[in-house]
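Predicted coordinates and the sequence they were generated for:
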Amino acid sequence: MLKRLKIKFVIVIMSIVTLFFGASFGIVMHLTKQNIERESIQMMNAMQFRPPFSPQQQRKPNDIPDNIRLPFFTVTVSEDGSFKAVGSDYYDLTDDKMLSTLMDFVRSSDKQVGMIPEYDLRYMKSARDVPESVVFADISSEKAMIRGLIRNFIITGLIGYAVFFVISLLLAKWATKPVEKTWNEQKQFIADASHELKTPITVIMTNAEMLSDKSYTQSDREGFTKNILSTTKRMRGLVESLLELARLDNNRTAMIKEIIDYSKLINNCLLPFEPLFYENDMELSSDIDEGIRVEGDKDKLRQVVTILLDNALKYCDKEQPVTVKLRRQSAHCLLSVSGKGSPLSKADCENIFKRFYRVDPSRNDGHSYGLGLSIAESIISEHGGRIWAESENGYNTFWVSLAEK
C-alpha cells in the first residue's frame with residue numbers, strides 16, 4: 001500500500017511538472033515568435049516607406065541601414081513591367097525567373113503581409129499602387145532561432161525532469177513517512193493485540209477441554225470453571241481497553257465538558273487507593289493545592305488519575321512512599337505521581353505511552369496489557385493538555401499539565 005501511495009505521489013508531482021513545463025514552453029514560444037515576427041514586420045515597414053531610389057541614388061547590395069538586421073530586398077515593378085530588385089546580397093536579385101515567381105505568389109494572395117514557405121520569405125505589399133512594390137524578408141534565421149529555442153527547451157526540460165524526479169522521490173518519502181509510521185504502528189498494534197488475546201484463549205480452550213474430560217473430579221472441574229471465568233474477565237478488560245482506545249482515536253466518545261474542581265476530584269480518587277496501598281505495605285502521600293479548577297470531562301479525568309495510581313501501585317518499590325502532588329503554575333496546573341522504581345531510560349519515557357509497551361515484559365502479571373498510559377495520553381490530548389514521564393535518581397514521575405480555569 002505504501003509503495004502504491006509513493007508511486008501515486010510521484011505521478012502527481014511529475015504531472016504538475018509536465019503541465020508547468022508545457023505551459024512555460026508554450027508561452028515562451030508564443031511570445032518569442034510574436035516578438036520576432038513583429039520586429040521583422042517593423043523592419044519591412046521601415047523599408048516600405050523609404051522613398052524610391054533614383055539610378056544615381058541606387059544603393060549597393062551591402063549598403064544596409066544599421067537598424068535593418070535581417071536579410072531583405074525590395075522588388076519594384078517599373079512602367080514597362082520589368083522588375084527592379086534592391087537590397088541584400090543574400091539572394092541573387094538578378095534571377096528574373098525567381099522574382100517573377102515571387103511576385104506571382106504575392107499578387108495571387110489577398111493578404112497585405114504573408115509568408116512564402118518554399119523560399120523562407122515573408123512579404124509585405126506596398127501601400128502605394130504605383131509603382132507596385134513589395135518588400136521581402138528572409139525568415140530562415142527566425143526558423144533557426146525557433147529550432148534552437150526548442151532544442152534548448154528539450155535539453156533544459158530533460159535535466160529539469162531528472163532533477164524534479166529525484167526531488168519527487170524525496171518528497172514522496174518525506175510525505176508518506178507519517179503514514180508509514182502510523183501503518184507500522186497499526187500493524188504492530190494488531191500483532192500485539194492478537195498476541196495478548198492468544199494466551200487467554202489458549203487457557204480457556206485448555207480448561208474447557210479438561211472440563212469435558214470425565215476422568216477429573218468435581219473439585220478439579222470447579223477449578224477449571226474458575227480459571228475460565230477469571231481468564232474471561234481479563235479478556236473482557238483487554239477488549240474494553242481496545243474499544244476505549246478505538247473510540248478515543250476516532251473522537252467517538254462523548255465528552256461532557258464542564259468546570260470541575262480538579263483538587264477535589266484527585267482527593268476523591270485517592271480514597272479508594274489508600275487501603276490498596278496499605279494492603280501492599282506501601283505508603284501513599286498527597287500534597288494537593290485546593291481550589292484548582294479545570295474544564296473537562298470529570299469521568300475521563302478521573303480515569304487518568306486512576307491509571308497513574310494503579311501503575312504506581314503495581315510498579316513502585318515498597319520502601320519509599322508514592323507521592324501525589326497538584327500545583328498551580330502560571331495559567332496551568334501540574335499533577336505529578338512519583339515513586340521509586342526501576343529507572344526509566346530516556347527512550348522508555350517516550351515509548352511508555354505506546355500501546356502494549358512494557359519496560360520489563362517479564363514483569364507482566366497477566367492483569368496489565370500496556371494500554372493504560374496510552375488511554376491516559378489520548379484523554380489528556382483530547383483535553384488540550386500534555387502528559388509525560390521523567391526518571392531521576394531512581395524516582396519515576398508522571399506529569400499531567402492542564403489549563404486552569
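Noted; the coordinates are in hand. Numbering: from 1, shown residues only.

And the helix or strand hosting residue 238, what does it pack against?
Using DSSP states H and E, residue 238 sits within helix 218-249. Contacts defined by 3 or more C-beta pairs under 8 Å, 6 or more residues apart in numbering; DSSP states H and E place helix 218-249 against helix 177-212, helix 372-382. No exception for glycine: its C-beta is placed from N, CA and C like everyone else's.

show me where pLDDT drops low in the stretch 1-150 of the chain?
The stretch 1-150 of the chain contains residues with pLDDT under 70 at 1, 48-70, 88-89, 128-130.

any idea how far the most centrally placed residue in the chain is from residue 2?
Taking C-alpha atoms, centre = their mean, the centroid of the chain lies closest to residue 175, which sits 4.1 Å from it. Distance of residue 175 to residue 2, computed by C-beta to C-beta, to the nearest Å: 11 Å.

What's the local residue count around the nearest residue to residue 380 once chain neighbours are set aside?
Nearest residue to residue 380 in three dimensions, chain neighbours excluded: residue 387, at 4.5 Å (C-beta to C-beta, 6 or more residues apart in numbering). When neighbours are defined as other C-beta atoms under 10 Å, residue 387 has 22 of them.

wait, is residue 387 part of a strand?
Yes: remark: residue 387 belongs to a strand, assigned using DSSP: H, G, I helix; E, B strand; the rest coil.

Excluding covalently adjacent residues, which one is nearest to residue 319?
Among residues not flanking residue 319 along the chain, residue 340 sits closest, at 6.9 Å (C-beta to C-beta, 6+ apart).

Wait, that neighbour touches residue 320, no?
Yes: the pair residue 340 and residue 320 passes the contact test of C-beta atoms under 8 Å, sitting 4.0 Å apart.

quick one: common contacting residues for these two?
Counting by C-beta atoms under 8 Å, 6 or more residues apart in numbering, the shared contacts of residue 340 and residue 320 are residue 395.

Which helix runs longest in the chain?
Among the elements of the chain assigned as helix by DSSP state H, the one spanning the most residues is helix 2-48.

That one to helix 177-212, inter-axis angle?
Helix 2-48 runs at 160 degrees relative to helix 177-212, counting by axes from the mean of the first three to the mean of the last three C-alpha atoms, to 10 degrees.

For residue 125, see how far away residue 34 is.
From residue 34 to residue 125 the distance is 21 Å (C-beta to C-beta).

Looking at these two, which is more packed in?
Taking neighbours as other C-beta under 10 Å, residue 34 and residue 125 compare with residue 125 leading, 18 against 10.

Run through the residues that contact that one.
Residue 125 is in contact with 106, 112, 113, 134, counting by C-beta under 8 Å, 6+ apart.

likewise residue 7?
Here residue 7 is in contact with no residue (C-beta under 8 Å, 6+ apart).
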